[in-house]
Structures are given as C-alpha cells and as structure tokens.
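> got a sequence here, can you build the structure:
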Amino acid sequence: MARYKTIDTSPKFLPVVLSEQLLPGTFEHALNHLLDHELDLSGLDERFRNDATGAPAYPPATLLKLILFAYSRGIVSSRAIERACREHVTFIALCGDEAPHFTTLAAFIRELQDEIANVFTQVLFLCDAQGLIGREMFAIDGVKLPSNASKAKSGTRAEFAREAGKIEGQVRKMLARHRDHDAGAVEPDLKAKEVERIKALARDAAQLRQWLKDHPSDRRGAKGSVRKSNRTDNESAKMATDKGVIQGYTGVAAVDSAHQIIVEAQAHGSGSEQALLLPVVEAMRDLIEDASLVTADAGYHSEQNLEDLAQLNIDALIADNGMRARDERFADRDKHKAKPDPLYDKTPGEKKTRLFGPQDFHHDEESKTCICPAGEFLYQNGSAVVIQGREAVKFTGAKRVCGPCPLRDQCLRHPNRTPVRQVVFFTGKTRKPESHTDRMKRRIDSEEGRRRYAQRFATVEPVFANIRHNKRLNRFTLRGRHKVDTQWKLFCLVHNIEKLAHHGYAQ
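Down below sits the predicted model:
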C-alpha cells in the first residue's frame, strides 16, 4: 500500500516575509507600488490633527490598499475586511499585520468623497502614460443597482401624509380598544404586547410627520414632474429594470476602446439616462480629441442631447429606439426572446376574422375616389391631413350605406357602436427641416456607422461584467449620492489598476 506524507493544515508558527507575499504581476503588487511610490495622497493627510496630541493614525495609503484589494475580491463589508486583515496573508502583508478596526475602515470610506476623484485622475494619468488610452472611441453606458434604502419608504408628500393619517387612526382604535379591555380581565403578556405595538405605531407616525415638516415640498424631475422621495435615502430613486423596480442609483462609466480603461465614473440617483449623458461628456472633455468618437445606446438618445453634442463639436453615435428594427441583421431577433411562461400553452388559438384594410379599398388618385369592398363610393373628408408627420387623404362612408351593409362585421372592429368606416391613404412625408435625430439615424444606419457603433458593445459590456460578476458588485452599501459615487469610483479604480497590473506595471 502506498505511503504518503502527512499534510498538516492546522495553525502553526511560520517565518513569513510579508513583502514577499505580494508577487510581481499581481493586482496587489501593482496596488502596493502605486499607493506607496506613485500617487500623491497628501490630500488625505489634511484630515488628521494629531501632530502633538492624540493617538497615531493608520496611514491613509494602508487603508486605501486594504479597501481596494477587498473590493477586488468582492469583499465590501468593513467587518469582513477587518477579519481578512487577521486571517488572510495577503491582507496581512498589505497592512503589516496591523488590522484596523471595522469602524476605522467604514469611516475612511465614508469620508473619501472629496479625495477619491483626485486619486482616480492620478491613476488615469498613469494609464495614459503607459499607452492604455487610445482616444479613438469612448463608449458610455450605465448600470442600475439597488442601494442601502428601502423601496417601501418611497412616496410623495401626499402619500406620506395619507400613511401617517392611517397609522394615527389605527393608534386611536387600539387605544380605545385598550381602554375597553382595562375594564375586564386581560392576560398581562397580551396587554404588554399591545402597549408596545401602540408605541411603535405612534413612533412611526411621529417620524412621518417630522419628515413632512423637514421636507415642505416634493422632489421635482428635470421636466418639473413630481418624483417620489425616499425617507431613508432621499437622493436615491425608484428605477425600472428588467428584474423589476429597485430603489437605488445608476452607475455610469465612460470606457476607452483601446484597453477598456474607465476614463470617467459617476453615480446618480436618477433612472433617466438621457440626463446623465452631458455631465459625463463634460467631465471627460480633456480626453476627447477631434478624431474621437463618443458612442452610447438608445437610453441616452434625445434631440436635445444630440443638439448639445453638435454645439460642443463632439463626434458621436447615439442609437435610437428604432435602430435594431431598421437593421436587417436583427430581423429574427424575436425568436430568441424567452416566453413569458416556459409551460405556456402551445396549442394554436382561435383565429380572429381579418378585417378589411386600406389595401382592400380601391383608391384612384387621379379621380380622387375610393370604392369599398362592397362596391360603394366613400366621400373624401380630408385632402391635406397630416398624421405623425406624414401627408394623407381620408375617406368616410355614408351612414345610409354603411348602416345596412352586410359586410359590417368584416369592415368595422366594433360594428355595434361604430356607425361608418373611415380609411386613410398616405401620400408621403411632410417636408420639414432635418433634425439632429434624422441625421443621426442616417449616419448610424450606414455601413460605416454600423461598423463603428458595433465596437461599443465589445468595449463597455466586458467592463460591467468584470465589476458586476468578478467583483460581485450587486448593490451599493452606502446612502447618499456622494457616498455612493465614492463607492462606484472605488470599484472603477480597481478595474483600472487591474489593467495596469496586467500590462506589467511595476514589475
């Protein structure tokens, strides 16, 4: 029988050189070199006032190393980072076996708002110095993620007022019932529970009334419409996603096509992507050259955005909602869509009777007449009709003819309540000045436009896959736009530093 060496994985004291645990070519090695030798973190030093008195503080570079390395491993919790600093050898090497308390880590992340943009810019400068930014094409996209806010706490001021009134009414009923029970015998445990329930409801109602007092007006959207507020994080927003409605933020990233470097990262509490395009473009103006192309999907398309980009003299390809419908390459895309129910009934349903369409009516443009399938003439009641930007002529049947017609069931969708049939024949589009949307459609439908726009998907989608799947960012754990923006930039920093490490930086 074969004999094997005993593998002992129990704890033991081993001589370990911590610096040797950061192997060249790895993310942690590049991260350690960057924060110790390349980046200027003097802005983080200004928060400390312990030169003469007070306990020594953890170096900001060490805390930032731990946080970025933890995010690269999908660890977001401050308690989990503290535990890793005691148990994981790479974390121990980065912090020098000085495990910060989780409250220190949480406070450091919370207060990074002003300095993180400067760190992000410095890393971007190093990426540019290493030749990782090509400036040929930038792809802008976003991802909607839930935040540390309750969706149930969202509503307008009117909805909150109604909710507070219902709670107060429930408290009054419970108090009245409580007084009635005082006259009889009630079990002590039940009485104590009811008292606690009354106190909890009264506290909730008081919190609602205080919130209404502190916020005398509703939130307004870009067009002045009322937006729902959230009592736990009023800067977040309700957003519709393919997995339902979430309460959260949109993380937007602009990615360079050369090596997928994130050149701009922002988080906004808005589900409207149209309003986020210009702030991102303005923030990255220094990187956009005359030959650069900015691309974005249909969520960022609007006539106003296209007009603003034209005024800024920025070459852009922004898709519209009908782009794929016009592209013959997506003609059979519907067959790939999942059925609403995998067990749906596949038996063919009852076919509806086909109604007469305009093609079943005989229209003579020269004589300006129209004959219906029953052989009756319709009279023209509109010669210069414009419907959705298209010129048309309209014909209507007479009541004395349509009323007794035997083909009413085939001609009218609702023959019981519709007296006569109307039919419209389109003659062409109305002439109007070409809009920015029309010009963009013509560009993006061209062979060259399709080729260049196709690069957008391969540029930005792998970046979100890396952050969402590999780094396991499935929600923001902070509240407030500035704090969420900080967390989003930290994850984007991890992505860029990974690119530097894979490029062989600091080897």
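
> that's a helix at A152, yeah?
Yes. Counting by DSSP: H, G, I helix; E, B strand; the rest coil, A152 falls inside a helix.

> give me the number of residues near it?
Counted with other C-beta atoms under 10 Å, residues neighbouring A152 total 10. Yep, even glycine has a C-beta here, placed from its N, CA and C like the rest.

> center of this protein - which residue?
Nearest to the mean C-alpha position of the chain, by C-alpha atoms, centre = their mean, lies K144 at 2.3 Å.

> was I right to think that one contacts D242?
No. Applying C-beta atoms under 8 Å as the test, K144 and D242 come out as separate, 9.6 Å apart.

> residue contacts, K441?
Counting by C-beta atoms under 8 Å, 6 or more residues apart in numbering, K441 touches 320, 322-323, 326.

> ok, so of the residues you listed, who is nearest E20?
For E20, the nearest member of those is M323. The distance, counting by C-beta to C-beta, is 53.8 Å.

> contacts only, for the closest one.
Going by C-beta under 8 Å, 6+ apart, M323 touches 298, 441, 444-445.

> got the phi/psi numbers for it?
Recorded main-chain torsions at M323 are phi -60, psi -50, according to degrees, to the nearest 10.

> so how far is K228 from it?
Distance, M323 to K228, by C-beta to C-beta, to the nearest Å: 31 Å.

> cool, and V252?
21 Å.

> among those two, which residue is more densely surrounded?
Using other C-beta under 10 Å as the criterion, V252 and K228 rank with V252 on top: 24 against 18.

> that one: what secondary structure?
Following three-state DSSP, the label given to V252 is strand.

> D409 now?
Three-state call for D409 (three-state DSSP): helix.

> and it, how far is that from P373?
Remark: distance between D409 and P373 (C-beta to C-beta) = 12 Å.

> K399 now?
Remark: distance between K399 and P373 (C-beta to C-beta) = 18 Å.

> go on, L14?
The separation that L14 has from P373, given C-beta to C-beta, amounts to 93 Å.

> and these two? Which one has more around it.
More crowded of L14 and P373, by other C-beta under 10 Å: P373, with 14 against 6.

> now do the contacts for that one.
Residues near P373 by C-beta under 8 Å, 6+ apart: 356, 360-361, 407, 410-411.

> find me the pLDDT at P406, would you?
Looking at P406, its pLDDT stands at 90.

> now swap in K335 and tell me
In this model, K335 is scored at 63, pLDDT.

> and for T232?
86.

> my read: it touches G248, true?
No. Judged on C-beta under 8 Å, T232 makes no contact with G248 at a distance of 11.8 Å.

> need the overlap of contacts for these two.
Counting by C-beta under 8 Å, 6+ apart, the common neighbours of T232 and G248 are A149.

> neighbour count for those two, which is higher?
The neighbour comparison of T232 against G248 (other C-beta under 10 Å) goes to G248, with 26 against 15.

> any idea how far G271 is from the more buried one?
Per C-beta to C-beta, G248 is found 9 Å from G271.

> now do the shared contacts for these two.
144, 237, 239.

> count of neighbours near the residue lying closest to the second one once chain neighbours are set aside?
So the one you mean is A237. Distances taken as C-beta to C-beta, 6 or more residues apart in numbering place G269 nearest to A237, at 4.7 Å, with adjacent residues excluded. Neighbour count for G269, taken as other C-beta under 10 Å: 24.

> right, and G269 touches I246 too?
No. Using C-beta under 8 Å, G269 makes no contact with I246, being 11.8 Å away.

> hang on, the earlier thing: among the contacts of K441, which ones are in helices?
Judged by DSSP state H, the contacts of K441 include 323, 326 as members of helices.

> type out the ChimeraX command that picks the buried ones from the contacts of K441.
A single ChimeraX command selects the buried members of these (16 or more other C-beta atoms under 10 Å):
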select :320,323
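
> for F330, see how far away R400 is.
Distance, R400 to F330, by C-beta to C-beta: 49 Å.

> ugh, wrong one, Q359
Going from Q359 to F330 by C-beta to C-beta gives 27 Å.

> who's in contact with the strand or helix carrying F425?
For F425, the host element (DSSP states H and E) is strand 422-429. Under the criterion C-beta under 8 Å, 6+ apart, residues 358, 361, 363, 365, 370, 372, 378, 385, 387, 389-397 lie in contact with strand 422-429.

> among those, name the buried ones.
For those, a neighbour count by 16+ other C-beta under 10 Å gives the buried set as 361, 363, 370, 372, 378, 392-397.

> tell me the pLDDT at the residue nearest to A237?
For G269, the pLDDT comes out at 89.
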